[in-house]
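Enquirer: Sequence and computational prediction follow.
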Amino acid sequence: MSLADLLKEYGKSDYYPLHMPGHKRRLSGELPEEVVGMDITEIDGFDNLHQAEGILKEMQAYASRLYGADETFYLVNGSTCGILSAVSAAVSEGGHILMARNCHKSVYHACYLRKLKISYLYPQVMESYDICEPITCEQVQHALEQEKDIDAVLIVSPTYEGRITDVNSIARVVHEKGIPLIVDEAHGAHLGFWEGFEENSCRQGADLVIHSVHKTLPAMTQTALLHVNGSLIDRNQLKRFLHIYQSSSPSYVLMAGIENALRQVDEKGKDLFGNFIHNWNRMCRDLSTMKNLCILKPEKKQDIGKLLVSVKKTGLSGQQLYDMLLQEYHLQLEMATSTYVLAMFTVSDSVEGYERMTKALLEIDKKVTQEDVGRSDDVLGKEAWHRVEFTEKHESISFYKAWDMENEYCRLSLCQGRTAGEFINLYPPGIPMIVPGERIDQDLICQISDCLQKGLSVQGVRQVDGDIYLSVLSSQEICGR
Ligand SMILES: Cc1ncc(COP(=O)(O)O)c(C=O)c1O
């Protein structure tokens, strides 16, 4: 019997709850009664995630078998807590990590907590779409030859935009050095479930793999998995960090949701993925006829489900296209940058969703023909646009030290040469344009004002009375470091 069935059955029983949670499975307020009816804590017969010996142990073993992992842990605090635990277990305090620059902020947070020295792998930029390419095996090999004391390597695949890395070759190179490979596969929980997908990274030799079940499978927000393979990771350490970073009251509704999602793709995957691929291919075929908007074409290195629409050949900005789709067509996308928008599709999308998106983009494509095409470069200066996230930065002070140092706010135009005291990033996806401890240059200053002018959401800046300020380390702190 699944955990969801067990919870539903228990909810109908006459066991009276003299324990948490406080709603006592009765007072649901504005929530549907079914939600609180299933929401229990670690009571008799329901096991304990922090020492799984019963049903939760079986559910985790089921997930391991599905993904081909040695051991799998359910996560109820998202991939975030899996990443914190994975990095903390793989690298001792003060150690050295080699990581892709385009990592999610949780990786940086793990480095801060473990006081790590960081060496970066800067992804190549695909100029035609302004997105980062996957990290290559050659890049990893080269970096490992330069830096002899690396303790672990971390890459992200698929990236937020859906670029897929050759994990297999990278795992081989990393293992030749006797160190572990961590793959942030938060966007790849669906990988391996259909013959057209790449294999998931557990089956490609990675030692630690993190999946957000909630991103690409039919599961609720915060649900995720951490898989561990081989002997390079100390399992006791890993469990210790999971105890630290996971809630001591993991939600049974969320855990039932993970099992439910995995059972759906395992048992009904052929139909679910068959329909998904059919609808996806049809939409991509129709959208490939667009004259002005441009989709990133499906290919082996591009994950299915991430629809990236470039506005580079039009006079629109990504944010304008995003706003049109939202306001005129009621289509809520995942994100916008200056030059593209990103929409996500999964097995759960309806035919209606594909049709509405296709119709909207085809209509907008026609509209921009008449109004905007040809004005793009002079109006928006897009040729000058390049993403500073992916250009190498000068580090003045280690990130983990800099983040704790005294800082002050400095007017954006006066920041050149100062050292950043705070992360600055577009959100989503939250990949840093600059990391505390790095020197601020003119390119960054230009791009921040450009992003703000285009209405993009820039985190880490302060705006007061129309002026923009950045957090920088106070000069005194730098002199005295
Ligand atoms: C690449 C990547 N890794 C990790 C995370 C964190 O995942 P979660 O939201 O499940 O904690 C995200 C979130 O967007 C992400 O994009």
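Expert: Sure, I can see it. Numbering: from 1, shown residues only.
Enquirer: Can you list the low-confidence ranges for the protein?
Expert: By pLDDT under 70, the low-scoring segments of the chain are 370-389, 476-481.
Enquirer: Could you tell me which residues make contact with Ala261?
Expert: 213, 217-219, 223 (Cβ atoms under 8 Å, 6 or more residues apart in numbering). Just so you know, the C-beta spots here come from the backbone N, C-alpha and C atoms, and that holds for glycine as well.
Enquirer: so which pair among the residues you listed is furthest apart in space?
Expert: Using Cβ to Cβ, the contacts of Ala261 span at most 10.2 Å, a distance reached by Pro218 and Thr223.
Enquirer: Which one of those two is surrounded by more residues?
Expert: Thr223 (29 against 16; other Cβ atoms under 10 Å).
Enquirer: isn't that one right up against Tyr252?
Expert: No. Judged on Cβ atoms under 8 Å, Thr223 makes no contact with Tyr252 at a distance of 11.9 Å.
Enquirer: Contacts only, for the residue in the stretch 351-481 of the chain that the ligand sits nearest to.
Expert: For the stretch 351-481 of the chain and the ligand, the shortest gap (Cβ to the nearest ligand atom) falls at Pro429, measuring 5.6 Å. Contacts for Pro429 (Cβ under 8 Å, 6+ apart) come out as 104, 160, 335.
Enquirer: Phe193 too?
Expert: With the criterion set at Cβ under 8 Å, 6+ apart, Phe193 makes contact with 265-266, 269, 273.
Enquirer: What's the ChimeraX line that selects buried ones from the residues you listed?
Expert: Buried residues among the contacts of Phe193 (16 or more other Cβ atoms under 10 Å), as a ChimeraX selection:
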select :265,269,273
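Enquirer: ok, and of the contacts of Phe193, which contact the ligand?
Expert: The subset of the contacts of Phe193 within reach of the ligand, by Cβ under 6 Å from any ligand atom, is empty.
Enquirer: element containing His109?
Expert: helix 105-113 (DSSP states H and E).
Enquirer: Summarise which helices and strands the helix or strand that that helix is followed by is packed against.
Expert: Downstream of helix 105-113, the next assigned helix or strand under DSSP H and E is strand 117-121. Packing partners of strand 117-121 (3 or more Cβ pairs under 8 Å, 6 or more residues apart in numbering; DSSP states H and E): strand 96-100, helix 137-146.
Enquirer: what's the closest of those to Gly455?
Expert: strand 96-100 (28.1 Å).
Enquirer: Taking helix 137-146 as reference, get the angle to that closest one.
Expert: For strand 96-100 against helix 137-146, the angle by axes from the mean of the first three to the mean of the last three Cα atoms, to 10 degrees is 160 degrees.
Enquirer: does any bit of strand 96-100 sit next to the ligand?
Expert: No. If you take Cβ under 6 Å from any ligand atom as the test, strand 96-100 misses the ligand, and the best it gets is 9.7 Å.
Enquirer: Likewise for stretch 70-80?
Expert: Yes. Using Cβ under 6 Å from any ligand atom, stretch 70-80 comes into contact with the ligand via 78-80.
Enquirer: Go through that stretch and flag the buried ones.
Expert: So, applying 16+ other Cβ under 10 Å, buried residues of stretch 70-80: 71-80.
Enquirer: what's the answer for stretch 95-105, then?
Expert: So stretch 95-105, judged by 16+ other Cβ under 10 Å, has buried residues 95-105.
Enquirer: quick check, Val309 in a strand?
Expert: Yes. The assignment for Val309 (DSSP: H, G, I helix; E, B strand; the rest coil) places it in a strand.
Enquirer: So it sits against Ala336, correct?
Expert: No. Val309 is beyond contact range of Ala336, at 9.8 Å (criterion: Cβ under 8 Å).
Enquirer: Could you tell me which residues touch both of the two?
Expert: When contacts are counted by Cβ under 8 Å, 6+ apart, Val309 and Ala336 have 321, 342 as shared neighbours.
Enquirer: The stretch 101-250 of the chain against the ligand: which residues are in contact?
Expert: Going by Cβ under 6 Å from any ligand atom, the residues of the stretch 101-250 of the chain near the ligand are 104, 106, 156, 160, 184, 186-187, 212, 224.
Enquirer: Closest to the ligand out of the buried residues of stretch 70-80?
Expert: For the buried residues of stretch 70-80, the nearest to the ligand is Gly78 (2.5 Å; Cβ to the nearest ligand atom).
Enquirer: wait, that closest one sits on Ser212?
Expert: Yes. In this structure, Gly78 is within contact of Ser212 by Cβ under 8 Å, at 6.3 Å.
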